[in-house]
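Peer 1: Here's a sequence, model it:
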Amino acid sequence: MNGEHKIGSGHRDRAALVYLRQSSLAQLRENTESTLRQYALEEQAVRLGWARTDVEVIDTDLGLSGTSTRNRDGFRYLMSRLCLGEVGAIFGLEISRLARSNADLARLAELARLTDTLLIDADGVYDLADFNDRLLLGLKSTMSEAELHIMAGRLQASKRAAAERGELRTPLPVGYVYDDERCQVIDPDAEVQAAVADVFAAFAATGSAFGVVAAFAGRRFPLRAYGGAWAGQLRWGRLTHARALGVLKNPAYAGAYVFGRYSSRRTVNPDGSVHTRTVELPRGQWPVLIKGHHPGYITWEEYLAIEAKLAANRTNAGERPAREGLALCQGIISCGSCGRPMGTRYHTPGRAAYECLARHDQASTPTCRSIAAATVDDVVVEALLAALTPGQITLALDAAGHVADRHYRGIRAAELAVERARYDADRAERAFHAAEPENRLVTRTLENRWEEKLAALTEAETALAAARDTLPPLPDQNSIRALATDLPALWNASTTSDKDRKRLLRTLVADVTLLPEPDRGKARVGIRWHTGATDEITTARAVHPGTAKRTPSPAAALICERGSTTSNDELVTLLAERGYTTGHGRPFDVKAVQWVRHVHHIPTPGPYRDGELSVNQVAERLRCNPGVVYYWIETGHLHARRGAGNRLCIPWSPRIQADFQNRINSSSHLTPTGRATTSHGR
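Peer 2: Reported below is the predicted structural model:
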């Protein structure tokens with residue numbers, strides 16, 4: 001072996017590691033000779049002087065790629081032993097087998113130089129302390145990486161060429177199979193066809209992937225297995241949300257052939273490890289897109305509509321899709337004072353309100369408001385139904401026709417641009433072929449010009465495809481006019497859910513704004529239609545149920561004006577004469593008047609006339625128990641009347657006081673002792 005003299009006793013006293021690796025399990029299964037050759041390196045280490053007990057075979061990385069150290073436990077174990085200085089030599093069939101990455105191989109070579117470790121492969125022995133060996137090993141590593149790059153580029157170019165013809169065979173989604181002529185066709189299994197078609201039907205009915213999953217509850221869904229023991233077999237299972245999204249977002253179901261829809265991205269984690277993830281590219285970045293390549297379950301226009309609907313359902317991206325609640329403007333209403341969205345709050349199952357979300361952040365303005373949802377919804381629905389009358393539909397369809405004409409003119413301009421670019425490219429090609437091949441000064445310029453024209457043709461074709469994709473389909477005018485006639489009945493039907501009403505509302509209304517209004521009894525609602533037109537409507541705010549039952553202002557004003565000098569009975573009579581009623585619509589009575597007095601803090605007029613005293617005042621003057629006074633009133637000895645508040649009012653004079661004072665003095669029961677023991681409680 002070349003360089004065998006470089007092996008010294010110090011190397012043989014340490015361990016010899018034999019590192020084995022195959023890039024994939026397929027290579028491990030099929031390239032058995034390479035694996036046997038790598039295991040044979042153990043015998044080569046013994047022949048070079050290492051004891052068999054000092055030779056260790058590391059084969060835990062068989063079937064793993066060497067592009068990085070991720071998941072390569074064997075390579076990490078080798079590096080740890082190398083850092084400890086326990087390794088005298090590392091054996092490999094090729095040095096590039098140790099690591100396909102130049103960075104990993106350079107790190108290994110540097111550690112081998114520092115620890116005086118030899119690298120041995122079929123070409124010889126490398127001592128990394130020797131500059132020539134280090135230079136040769138670096139050159140071989142660079143050539144190995146270049147070889148991988150050239151091979152990968154060649155393979156990718158072949159795949160791209162086959163994909164551009166639509167002939168690159170890839171695993172098909174469930175619902176498709178390859179026929180005997182290697183063409184992609186719909187799966188002949190009727191149950192599979194029905195399951196896939198029902199996914200799109202359920203999405204059209206529910207408008208969300210979760211709705212599709214709910215529609216398939218208790219029903220199985222097919223899955224075509226690829227790889228492993230079940231390769232090619234049709235399996236059945238539960239339809240999950242991820243699988244439903246995979247079907248709805250796959251352009252293959254629209255009859256399109258796509259190559260390069262996903263791309264691998266490598267990122268570096270904080271710990272230095274490299275992580276590879278797969279990302280989905282936007283539709284405009286797909287390298288190959290061939291429409292009408294095979295039969296589809298849906299049309300391309302339906303696929304674009306599904307794509308837009310799924311994007312509108314992404315709440316994590318700021319979208320606010322229609323929900324099941326009764327607030328019809330939920331998700332599309334905003335505050336005209338601060339510009340923030342308005343949230344929906346349900347106070348009771350039948351009552352909802354829109355509230356400015358700026359209040360949660362303590363960033364609300366003085367004119368930020370909350371409003372009953374019914375107040376705004378009634379205005380918007382009235383405007384919607386008024387806009388969908390047959391006359392308005394005719395005007396809208398005429399306007400849509402003009403818009404479609406403008407779109408078609410734009411597409412026609414793009415088509416003409418493609419035609420011109422194709423002519424320029426053909427002309428540049430003819431000029432290139434007409435030149436003498438030996439005249440490189442001319443052909444080099446013509447070749448560059450031809451490439452520029454081809455790039456311009458590709459750009460024009462891409463612009464034409466984008467213009468066609470954004471062209472909205474023209475509606476059937478007769479069906480829309482018929483819908484306008486039946487829409488009010490359809491809107492108010494009990495079978496129409498609130499979610500369906502919201503979806504119908506959003507087809508015409510872009511958003512709603514609650515504009516600032518100084519009058520708190522009114523609300524200004526701004527409506528922006530998808531056509532770009534705007535409407536501003538002022539309406540009265542809904543009265544709170546408690547406010548609606550309050551005493552009417554004229555009646556309350558009368559009680560406040562007369563209450564301090566007029567009794568409750570007199571106020572009841574006066575209110576009845578003027579025809580005033582309570583907030584519940586009933587005639588006023590004493591209790592109702594007393595409640596108004598309590599609310600407005602109106603004092604009751606005094607019950608005593610001039611010369612009248614209360615029972616306690618009479619008892620105080622006669623120095624007797626109040627029960628005695630009540631007894632005299634009950635027996636008719638003392639005259640009294642019922643005043644305001646049902647109080648006893650006793651006419652009093654010096655003569656009456658002298659008469660009853662004599663009665664007390666002449667009575668044996670009303671002596672001071674008797675007065676202390678005699679009482680008539682009331």
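Peer 1: helix, strand or coil for residue 583?
Peer 2: For residue 583, the assignment made with DSSP: H, G, I helix; E, B strand; the rest coil gives coil.
Peer 1: Please report how far it lies from residue 193.
Peer 2: Here the criterion is Cβ to Cβ, to the nearest Å. By it, residue 583 lies 66 Å from residue 193. For every residue, glycine as well, the C-beta is placed using N, CA and C.
Peer 1: got it, and residue 164?
Peer 2: Taken as Cβ to Cβ, the span from residue 164 to residue 193 is 29 Å.
Peer 1: same question, residue 74
Peer 2: To residue 193, residue 74 is 48 Å away according to Cβ to Cβ.
Peer 1: So the two - more neighbours on which side?
Peer 2: The residue with more neighbours, out of residue 74 and residue 193 and counting by other Cβ atoms under 10 Å, is residue 74; that gives 18 against 15.
Peer 1: give the contact list for residue 266.
Peer 2: 274-276 (Cβ atoms under 8 Å, 6 or more residues apart in numbering).
Peer 1: Give me the spatial nearest neighbour of the residue nearest the centre of the chain, chain neighbours excluded.
Peer 2: The centroid of the chain falls nearest to residue 315 when counting by Cα atoms, centre = their mean (1.4 Å). Distances taken as Cβ to Cβ, 6 or more residues apart in numbering put residue 321 closest to residue 315, at 7.0 Å, once the chain neighbours are dropped.
Peer 1: count of residues packed around the nearest residue to residue 303 once chain neighbours are set aside?
Peer 2: Spatial nearest neighbour of residue 303, excluding adjacent residues (Cβ to Cβ, 6+ apart): residue 254 at 3.7 Å. Applying other Cβ under 10 Å, we find 23 residues neighbouring residue 254.
Peer 1: now do residue 42
Peer 2: Neighbours around residue 42, by other Cβ under 10 Å: 17.
Peer 1: Ok, residue 174 next?
Peer 2: 22.
Peer 1: my read: residue 298 touches residue 203, true?
Peer 2: No: using Cβ atoms under 8 Å as the test, residue 298 is too far from residue 203 to be in contact (9.8 Å).
Peer 1: okay, and the common contacts of these two?
Peer 2: With Cβ under 8 Å, 6+ apart, residue 298 and residue 203 have common neighbours residue 306.
Peer 1: Could you tell me which ranges of the stretch 251-400 of the chain sit under the pLDDT cut-off?
Peer 2: Counting by pLDDT under 70, the stretch 251-400 of the chain contains low-confidence residues at 272-273, 317-319, 359-364, 389-400.
Peer 1: Out of the helices and strands in this protein, which is least certain?
Peer 2: Scoring the helices and strands of the chain by mean pLDDT, DSSP states H and E places helix 672-677 at the bottom, with a mean of 44.
Peer 1: gap between residue 247 and residue 261?
Peer 2: On the measure of Cβ to Cβ, residue 247 and residue 261 end up 14 Å apart.
Peer 1: out of those two, which sits in the busier spot?
Peer 2: residue 247 (23 against 18).
Peer 1: tell me the pLDDT at the closest residue to the more buried one other than its chain neighbours?
Peer 2: Nearest in space to residue 247, with sequence neighbours left out and distances taken as Cβ to Cβ, 6+ apart, is residue 199 at 5.1 Å. Here, the pLDDT recorded for residue 199 equals 93.
Peer 1: can you check the one 10 residues further on too?
Peer 2: Predicted confidence (pLDDT) at residue 209: the value is 91.
Peer 1: now it: how far from residue 264?
Peer 2: With Cβ to Cβ as the criterion, residue 209 and residue 264 are 25 Å apart.
Peer 1: of the two, who's got more company?
Peer 2: Taking other Cβ under 10 Å, residue 209 and residue 264 do not tie; residue 209 has more neighbours (26 against 8).
Peer 1: In a helix, residue 33, correct?
Peer 2: Yes: assessed by three-state DSSP, residue 33 belongs to a helix.
Peer 1: how deep is it tucked in, by neighbour count?
Peer 2: 8.
Peer 1: and the closest residue to residue 129 other than its chain neighbours, what is it in contact with?
Peer 2: If the residues on either side of it in the chain are set aside, residue 129 comes closest to residue 113, at 5.6 Å by Cβ to Cβ, 6+ apart. For residue 113, the contacting residues are 128-129, 134, by Cβ under 8 Å, 6+ apart.
Peer 1: Kindly reformat those as TSV containing pLDDT and neighbour count.
Peer 2: Output for the contacts of residue 113, formatted as TSV (pLDDT from 0 to 100; neighbours: other Cβ atoms under 10 Å):
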residue	pLDDT	neighbour count
128	88	20
129	88	14
134	85	18
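Peer 1: Identify each buried residue in the one helix or strand residue 177 maps to, please.
Peer 2: Using DSSP states H and E, residue 177 sits in strand 176-178. Across strand 176-178, burial judged by 16 or more other Cβ atoms under 10 Å covers 176-177.
Peer 1: which sections of the stretch 501-650 of the chain are below the confidence cut-off?
Peer 2: 542-552, 644-645.
Peer 1: hmm, try it at 80
Peer 2: 503-504, 507, 520, 531, 542-553, 563-567, 569, 583-585, 604-610, 643-647 (pLDDT under 80).
Peer 1: The residue nearest to residue 315: how many residues sit nearby?
Peer 2: 18.
Peer 1: which residues does residue 170 contact?
Peer 2: residue 259.
Peer 1: Give me the distance from stretch 71-78 to the chain's centre.
Peer 2: 42 Å (Cα atoms, centre = their mean, to the nearest Å).
Peer 1: Need the contact partners of it.
Peer 2: 17, 19-21, 58-61, 64, 66, 69, 87, 90, 98-99, 104.
Peer 1: From the rest of the structure, what touches stretch 629-638?
Peer 2: Residues contacting stretch 629-638 (Cβ under 8 Å, 6+ apart): 615, 618-619, 622, 639-640, 648, 650, 660, 680, 682.
Peer 1: Buried by neighbour count, from these: which ones?
Peer 2: 615, 618-619, 622, 640, 648, 650, 660.
Peer 1: what's the closest of those residues to residue 492?
Peer 2: Nearest to residue 492 among the buried ones among the contacts of stretch 629-638, counting by Cβ to Cβ, is residue 648 at 64.3 Å.
Peer 1: Would you mind measuring from that closest one to residue 619?
Peer 2: Separation of residue 648 from residue 619 (Cβ to Cβ) stands at 12 Å.
Peer 1: Ramachandran coordinates for the closest residue to residue 524 other than its chain neighbours?
Peer 2: Using Cβ to Cβ, 6+ apart and skipping the chain neighbours, the partner closest in space to residue 524 is residue 515 (4.0 Å). Dihedral angles of residue 515 (phi, psi; degrees, to the nearest 10) stand at phi -80, psi 150.
Peer 1: For residue 631, see how far away residue 515 is.
Peer 2: 74 Å.
Peer 1: Now residue 276. Its backbone dihedrals?
Peer 2: According to degrees, to the nearest 10, residue 276 has phi -110, psi 130.
Peer 1: show me the contacts for residue 615.
Peer 2: 626, 629-630, 633, 648, 650.
Peer 1: Tell me if residue 631 really is in a helix.
Peer 2: Yes: checked against three-state DSSP, residue 631 lies within a helix.
Peer 1: since we're on it, how many residues are nearby?
Peer 2: Other residues near residue 631 number 16, with proximity taken as other Cβ under 10 Å.
Peer 1: can you check residue 89 too?
Peer 2: Residue 89, neighbours per other Cβ under 10 Å, totals 25.
Peer 1: Does it lie in a helix or a strand, and which?
Peer 2: Using DSSP H and E, residue 89 sits within strand 87-91.
Peer 1: Next, the residues that contact that strand from outside, please.
Peer 2: Counting by Cβ under 8 Å, 6+ apart, 7, 10-19, 41-42, 44-45, 48, 50, 78, 81-82, 98, 112, 115, 117-121, 125 sit against strand 87-91.
Peer 1: Could I have the buried ones of those as ChimeraX selection syntax?
Peer 2: Under the burial definition 16+ other Cβ under 10 Å, those of the contacts of strand 87-91 that qualify are selected in ChimeraX by:
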select :7,11,12,14,15,16,17,18,19,41,42,44,45,48,50,78,81,82,98,112,115,117,118,119,120,121,125
